[in-house]
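Novice: Make a model of this:
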Amino acid sequence: MLTIILIAVAAILLTIGLVWIIDKFLPSSLKPVLIIALWALIAFLGYQTFMSVYKPIEFNQIKKKRYTQVIEKLIDIRDAQMAHKQVTGDFAGNFDNLIKFIDTAQYTITQRRDSTIIDEELTKRYGGVEMTKDIIIIDTLGFVPVKDSLFKTSSRYKNMMELPAGIGPEGAKIEMKAGTLNQDDVKIPVFEASVKKDVILSDQDRDLVIQENQVVSVDGVNGDRIQVGSMDEVKTNGNWPKTFGDDE
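Specialist: Residues are numbered from 1 along each chain as shown. Sure, this is the predicted structure:
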């Protein structure tokens, strides 16, 4: 980008120099047309120089706004999936099942308390002398709907797979899948929800989108997609920095 700017500035300066030379040395009859043409060229090169600086700035502003909106969706999906695993033991494989779970599932509210009871086996062993042992009792206090706990009165979970308005081609959605990973002969549930940057930035300058797909930075979203969870490793965090939102 810097090279393009320097070339454009040099071209503007050269054109201004040509205007001065024409004004000094060219016959008066030829001056008006050539000078107008050269000033038009200067204006064009100036505009191109301005846009070469402004476009990346505008792109970054649009990108940050859209990423923030998409990440909010991914956080909702992650929270819903974590609740699904807590209640059922695994992750939902599709959005229909996940939404149905949120609509119907409940958390069980429990309380753990210590207690002491007579140990009948030891009591017999010691000839009737009462012996005791400590136990933990888990009491069920009630139930709380998952929906109320995660989303309160909001119904946004019903379209959490859809991209925010104005982002991506019509009908584009967040992709989600779930399964298990085998580690040390133990099957561990995993899930992944993601959307490609190409989709989020589909209406932006193609060269800038290609550059964004190659980002490797602690301050950026690395790779060619925004993603939470993984089908290749056991994790539930997102691939975005904390400047965009909570990734845990």
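
Novice: so which helix or strand takes in residue 194?
Specialist: Assessed by DSSP states H and E, residue 194 sits inside strand 186-196.

Novice: quick one: buried residues of that strand?
Specialist: For strand 186-196, burial by neighbour count (16 or more other CB atoms under 10 Å) applies to 189-196. To be clear about C-beta, it is placed using only N, CA and C from the backbone, and glycine gets the same treatment.

Novice: now for it, which elements pack on it?
Specialist: Packing partners of strand 186-196 (3 or more CB pairs under 8 Å, 6 or more residues apart in numbering; DSSP states H and E): helix 31-88, strand 175-183, strand 225-229.

Novice: Mind checking these for the one nearest to residue 132?
Specialist: Among the helices and strands packed on strand 186-196, the nearest to residue 132 by CB to CB is helix 31-88 (34.5 Å).

Novice: Using CSV, list the CA coordinates for the helix or strand following that closest one.
Specialist: Note on helix 31-88: by DSSP H and E, the next helix or strand toward the C-terminus is helix 95-104. This file holds the C-alpha atoms of helix 95-104, laid out as CSV (Å, rounded to 0.1, in the frame of the first residue of the first chain):
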residue,chain,number,x,y,z
PHE,A,95,-29.6,-26.1,15.8
ASP,A,96,-33.1,-27.6,15.8
ASN,A,97,-32.1,-29.9,18.7
LEU,A,98,-30.3,-27.1,20.5
ILE,A,99,-33.3,-24.7,20.3
LYS,A,100,-35.7,-27.5,21.4
PHE,A,101,-33.4,-28.2,24.3
ILE,A,102,-33.4,-24.5,25.4
ASP,A,103,-37.2,-24.4,25.1
THR,A,104,-37.8,-27.4,27.3
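
Novice: Counting by contacts, list what helix 95-104 packs against.
Specialist: helix 31-88, helix 146-151.

Novice: Could you give me the buried positions within the last one?
Specialist: The neighbour-count check on helix 146-151 (16+ other CB under 10 Å) flags 146-147, 150-151 as buried.

Novice: In terms of mean pLDDT, which of the helices and strands packed on helix 95-104 ranks lowest?
Specialist: The weakest mean pLDDT among the helices and strands packed on helix 95-104 belongs to helix 31-88, with a mean of 84.

Novice: Just want the angle from that one to strand 225-229.
Specialist: Computed by axes from the mean of the first three to the mean of the last three CA atoms, to 10 degrees, the angle separating helix 31-88 from strand 225-229 equals 10 degrees.

Novice: what's residue 210 in contact with, if anything?
Specialist: Counting by CB atoms under 8 Å, 6 or more residues apart in numbering, residue 210 makes contact with nothing.

Novice: Surely it is in a strand?
Specialist: No. Using DSSP: H, G, I helix; E, B strand; the rest coil, the assignment for residue 210 is helix, not a strand.

Novice: what's the helix or strand for the most far-flung residue of the chain relative to its centre?
Specialist: Seen from the C-alpha centroid of the chain, the residue lying at the greatest distance (CA atoms, centre = their mean) is residue 127, 67.5 Å away. Assigned by DSSP H and E, residue 127 belongs to no helix or strand.

Novice: hang on, the earlier thing: now, among the buried residues of helix 146-151, which is nearest to residue 133?
Specialist: Nearest member of the buried residues of helix 146-151 to residue 133, counting by CB to CB, is residue 146, at 36.7 Å.

Novice: Would you mind measuring from the residue nearest the centre of the chain to residue 103?
Specialist: Centrality entry for the chain: nearest residue to the mean C-alpha point is residue 71, 3.4 Å, by CA atoms, centre = their mean. Using CB to CB, to the nearest Å, residue 71 is found at 24 Å from residue 103.
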